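A.B. asks: This is the structure alone, sequence omitted:
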């Protein structure tokens, strides 16, 4: 879920809202909260679009999570930061000469 909130937390927040706001004002508060979330999402979307536009060509596929420093460095340096170890050479097997036995 969004912000890593599970069903138990949502249920607890609903009960807390019923206690603090009361059943009369809770639906109105929920509608207002939904409107605020919608406005914040629209603001974030427009900010991302404006950032893509201002950065110019080559950044059409820019995602907000790409701006995290660790992700950005890994993406830019690519193979240099590859954490997979190089494959090991096969171990030679001992061969016994049948004439010695």
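C.D. replies: Yep, that arrived. The structure presented is a predicted model; accordingly, all values stated were derived computationally and were not measured. Numbering: from 1, shown residues only.
A.B. asks: contacts and neighbour counts: CA atoms only from here.
C.D. replies: Will do.
A.B. asks: Please work out how many residues are found near residue 18.
C.D. replies: 15 (other Cα atoms under 10 Å).
A.B. asks: Just name whatever secondary elements the host helix or strand of residue 26 is in contact with.
C.D. replies: Applying DSSP states H and E as the criterion places residue 26 in helix 7-55. Applying 3 or more Cα pairs under 8 Å, 6 or more residues apart in numbering; DSSP states H and E, one finds that helix 7-55 contacts no other helix or strand.
A.B. asks: State the mean pLDDT of it.
C.D. replies: Mean pLDDT, helix 7-55: 87.
A.B. asks: Same question for stretch 75-91.
C.D. replies: 62.
A.B. asks: Number the chain from 7, please
C.D. replies: Renumbered: residue one is now 7, and that last one reads stretch 81-97.
A.B. asks: And for the spatially most central residue of the chain, nearest residue in space, chain neighbours not counted?
C.D. replies: In the chain, the C-alpha nearest the mean C-alpha coordinate belongs to residue 71, at 6.4 Å (Cα atoms, centre = their mean). Nearest non-adjacent residue to residue 71, counting by Cα to Cα, 6 or more residues apart in numbering: residue 77, 7.6 Å away.
A.B. asks: separation between that neighbour and residue 50?
C.D. replies: Counting by Cα to Cα, to the nearest Å, the gap between residue 77 and residue 50 amounts to 20 Å.
A.B. asks: got it, and residue 72?
C.D. replies: 15 Å.
A.B. asks: now do residue 28
C.D. replies: 32 Å.
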